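Participant: Got a predicted structure here, sequence first:
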Amino acid sequence: MLQSAPHIPVLLEPVVRGFEPVAGGLIVDGTFGAGGYTRALLENYPKMRVIAFDRDKTVMPFVQQIALNFKDRFQFIQDCFGNMAQHLKEPVQGIVLDLGVSSMQIDQPARGFSFRFDGPLDMRMGTSEKCAADVVNQFSEDKIADILYQYGEEKASRRIARAICQAREKALIQTTAQLAHIIHQVMPRPKDGADSAARSFQALRIFVNDELGELERALAASKLLLTSGGRLEVVSFHSLEDRLVKNFLMEQAGVKRHVNKYAPDSSAQKGNFKIITKKPIVASEEELRQNPRANCAKLRIGEKQ
Ligand SMILES: C[S@@+](CC[C@H](N)C(=O)[O-])C[C@H]1O[C@@H](n2cnc3c(N)ncnc32)[C@H](O)[C@@H]1O
């Protein structure tokens, strides 16, 4: 089994600094991973407590290390962050989300996230009902095309979906290499040197883990859970996530009207949140040199009023 690279926390310094005003409070780290944020928060702010969530049970060795060091200042809940409101018994002063997958997950061929390694076509971070192989082997051509378009912004979604459905008639698509090969055969390599399977893999991962639904549920929960002055910090890695966070904060700050077809009369929320980051914080050149995965990361911070 390939040893996965340790996860280097992205935008760690601004994430930690953003919680300075609530240094004595309770923070929810919704995406514990290897515990990089949790550890830095507990080390930097001696009065802070952290409740961390992760849907992936393989993070337990990292949980045990932190529990040993920080004892009753730390608690871990193995569940999706979209369910945080159901678990928390008290209001909180901070919520941080570092979206997407960790290096441990993406670099582990057996987890099936990456087109760079061959492994079973899985892509589940936790215990989702369906894995990526179920989607490509069982869903209709139209549904697959919709997923690739909606979650990968893949313009050639119909062409790729057709190729997937033709290929699965000959043999079930069970590995990441099989799927990447099918996509490569119908998709030329983009001029920017990216892999032509990247968007489709991203789309399947987002769908399998309901990543955008999770984010929406966590944003809604933040309105209920954060005390006045409490902070929401979200690090996103692609435009679909960032758009959700940006629009949420703008609506809650009263800068943008909330458009909801189920509640057409809802007017702009007047000042539920204050936007702390007028523009998202991105990685410095120094951080990018040390960690190229910080390349697309954007941090947005809002403060509950
Ligand atoms: C980018 S890593 C976080 C790394 C962490 N900030 C650190 O410094 O080590 C994302 C982690 O969040 C978890 N995750 C992603 N979506 C989740 C969700 N909806 N609920 C709970 N955990 C989730 C993944 O399993 C992964 O371990």
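Facilitator: All right, it came through fine. Keep in mind that this is a model prediction, so the values were computed, not measured.

Participant: quick one: contacts for Arg39?
Facilitator: Contacts for Arg39 (CB atoms under 8 Å, 6 or more residues apart in numbering) come out as Ile66, Asn69. Backbone N, C-alpha and C define where each C-beta goes, glycine included.

Participant: Regarding it, which helix or strand does it belong to?
Facilitator: Per DSSP states H and E, Arg39 falls inside helix 36-44.

Participant: next SSE after that helix?
Facilitator: Past helix 36-44, the next helix or strand by DSSP H and E is strand 49-53.

Participant: Run me through the strand neighbours of that next one, direction for each.
Facilitator: strand 26-29 (parallel), strand 74-77 (parallel) (DSSP bridges).

Participant: Run through the residues of the protein sitting next to the ligand.
Facilitator: Within reach of the ligand by CB under 6 Å from any ligand atom, the chain has these residues: 7, 9, 30-31, 33-37, 53-56, 59, 80-82, 98, 100-102, 125, 214.

Participant: picking up where we left off before, in TSV: the strands paired with strand 49-53, plus mean neighbour count.
Facilitator: Output for these, formatted as TSV (neighbours: other CB atoms under 10 Å):
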stretch	mean neighbour count
strand 26-29	25
strand 74-77	19
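
Participant: got CSV for those, with mean pLDDT and distance to Met48 too?
Facilitator: Below are the strands paired with strand 49-53 laid out as CSV (pLDDT from 0 to 100; distance: least, CB to CB, whole Å):
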stretch, mean pLDDT, distance to Met48
strand 26-29, 98, 6
strand 74-77, 98, 10
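
Participant: Go through the ones you listed and name the closest to Ala283.
Facilitator: Ala283 lies closest to strand 26-29 among the strands paired with strand 49-53, at 19.6 Å (CB to CB).

Participant: Walk me through the domains of the chain.
Facilitator: 12-104+211-304, 129-208 (automatic domain parsing).

Participant: And the residue nearest the centre of the chain?
Facilitator: Leu99 (2.3 Å; CA atoms, centre = their mean).

Participant: ok, that residue to Leu11 distance?
Facilitator: Using CB to CB, to the nearest Å, we find Leu99 at a distance of 12 Å from Leu11.

Participant: same check, this time on Val135
Facilitator: Counting by CB to CB, the gap from Val135 to Leu11 is 31 Å.

Participant: Repeat that for Met104.
Facilitator: For Met104, the distance to Leu11 - CB to CB - is 18 Å.

Participant: Neighbours of Arg231, how many?
Facilitator: When neighbours are counted by other CB atoms under 10 Å, Arg231 registers 25.

Participant: per-residue confidence at it?
Facilitator: Here, the pLDDT recorded for Arg231 equals 98.

Participant: ok, back up a step: identify the contacts common to Leu99 and Leu11.
Facilitator: Val235.

Participant: Look up the closest residue to Ile116, ignoring the ones flanking it.
Facilitator: One thing to correct before we go on: residue 116 is Arg, not Ile. Leaving aside its chain neighbours, Arg116 sits nearest to Asp195 (7.9 Å; criterion: CB to CB, 6 or more residues apart in numbering).

Participant: that older thread, now the domains of the chain as TSV including distance to Gly112?
Facilitator: Output for those, formatted as TSV (distance: least, CB to CB, whole Å):
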stretch	distance to Gly112
domain 12-104+211-304	11
domain 129-208	5
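
Participant: who wins for proximity to Phe117 among the ones you listed?
Facilitator: Phe117 lies closest, by CB to CB, to one member of the domains of the chain: domain 129-208, at 6.7 Å.

Participant: first to last residue in that closest one, what's the distance?
Facilitator: 8 Å (CA to CA, to the nearest Å).

Participant: so for that domain, what's the average pLDDT?
Facilitator: 96.

Participant: Likewise for stretch 241-260?
Facilitator: 89.

Participant: tell me the mean pLDDT for the helix holding Arg39?
Facilitator: 98.

Participant: And stretch 10-22, by the same measure?
Facilitator: Rounded mean pLDDT across stretch 10-22 is 98.

Participant: Could you list the buried residues of that stretch?
Facilitator: Val10, Leu11, Leu12, Pro14, Val15, Val16, Gly18, Phe19, Val22 (16 or more other CB atoms under 10 Å).
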